[in-house]
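1. coords please:
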Amino acid sequence: MMNPARTRNPTMPHLDAREAFKLAIKILRAFKTNPTPIDAIAKLLGYTNARNGAAAPLIATLFSYGLLVSAGTGIAVVPKELFMMLKKTRKKAFRTTIVRTPPVFSALLNVCDKGLPHDAKLEAVLIRQGYSLKARTKCIENFKKSVKWAGLFETQQNKAAEVIHLHSTPTQRPPLEVDANGKMTVHLPTMTRAQKAVAMAIMRNFN
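-> Residues are numbered from 1 along each chain as shown. Purely as a prediction, here's the structure:
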């Protein structure tokens, strides 16, 4: 009986962007921005050559993020943009570019209009593209870590936190005040629904 053909997943990063970035910095420090044999890069990362079973997907991941670019057959180079980024304060812009570069991450970002959606929405995108369950799980994990590292939705999250803080800050005034003449004042706009109900009940009993 013949074994069923193994389904090959579409290309995806095998590391999150932060881990890939750290490897690119290591390569940059060793070879600068000089064209370098990919086998030499693999050896720097601890493998015998670029065709090693573990090295191949790792090297492909660096290419997918744009942290390595081809400089000829069997030759790669760290882009000069990475070198320049280390000398400037454009780190966030460069991180954003890195995360948006892999096609699969770009597709996932298209469904992230208001920040990271539920995993099921991300998984639906990957199912349409033909990823297996195991690959989908790993891809979503790397995607979420990468988005957090790049700070893609920090502004939206900060605004949401400000709104929550604004509406959850307790008032300095008590919700129910009674002056010396027995006049009652209820500060309804600053009260929860339960507090309002209690206050109204007290007023009814008071009358």
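2. correct me, but residue 34 touches residue 77?
-> Yes - taking contact to mean C-beta atoms under 8 Å, the distance of 6.8 Å between residue 34 and residue 77 places them in contact. Placement of C-beta: from N, CA and C, glycine included.
3. quick one: which of these two has more around it?
-> Neighbours were tallied for residue 34 and for residue 77 using other C-beta atoms under 10 Å; the higher tally belongs to residue 77 (19 against 10).
4. and the pLDDT for the more buried one?
-> According to the predicted model, the pLDDT of residue 77 comes to 96.
5. next up, phi/psi of it, please.
-> Note on residue 77: backbone dihedrals following degrees, to the nearest 10 are phi -150, psi 150.
6. was I right to think residue 153 contacts residue 147?
-> Yes - applying C-beta under 8 Å as the test, residue 153 and residue 147 come out as touching, 6.8 Å apart.
7. give me the common contacts of the two.
-> Between them, residue 153 and residue 147 have 112, 116 as joint contacts when contacts are counted by C-beta atoms under 8 Å, 6 or more residues apart in numbering.
8. tell me which of those two has more neighbours.
-> Here residue 153 and residue 147 are set side by side on neighbour count (other C-beta under 10 Å), and the busier one is residue 147, at 23 against 15.
9. that one and residue 116 touch, don't they?
-> Yes - in terms of C-beta under 8 Å, residue 147 counts as a neighbour of residue 116; the distance is 6.4 Å.
10. need the overlap of contacts for the two.
-> Looking at what touches both residue 147 and residue 116 (by C-beta under 8 Å, 6+ apart), the common residues are residue 153.
11. secondary structure of residue 76: a strand, I assume?
-> Yes - counting by DSSP: H, G, I helix; E, B strand; the rest coil, residue 76 falls inside a strand.
12. identify the bridge partners of it.
-> Taking DSSP bridges, one finds residue 36, residue 70 as the beta-bridge partners of residue 76.
13. can you pull the contacts of it?
-> Neighbours of residue 76 in contact, by C-beta under 8 Å, 6+ apart: 35-36, 38, 41, 59, 63, 68-70.
14. which one (most neighbours) among the residues you listed?
-> For the contacts of residue 76, neighbours were counted by other C-beta under 10 Å; the highest total belongs to residue 41, with 26 neighbours.
15. element containing that residue?
-> When elements are assigned from DSSP states H and E, residue 41 belongs to helix 38-44.
16. show me the contact partners of that helix.
-> Residues lying outside helix 38-44 but in contact with it, judged by C-beta under 8 Å, 6+ apart, are 26-27, 30-31, 48-50, 52, 55, 59, 68, 74-76.
17. touching, residue 85 and residue 91? I think so.
-> Yes - shown here, residue 85 and residue 91 form a contact pair, counting by C-beta under 8 Å, at 6.2 Å.
18. neighbour count for those two, which is higher?
-> Ranked by neighbour count (other C-beta under 10 Å), residue 85 and residue 91 place residue 85 first, with 18 against 12.
19. much appreciated, bye for now.
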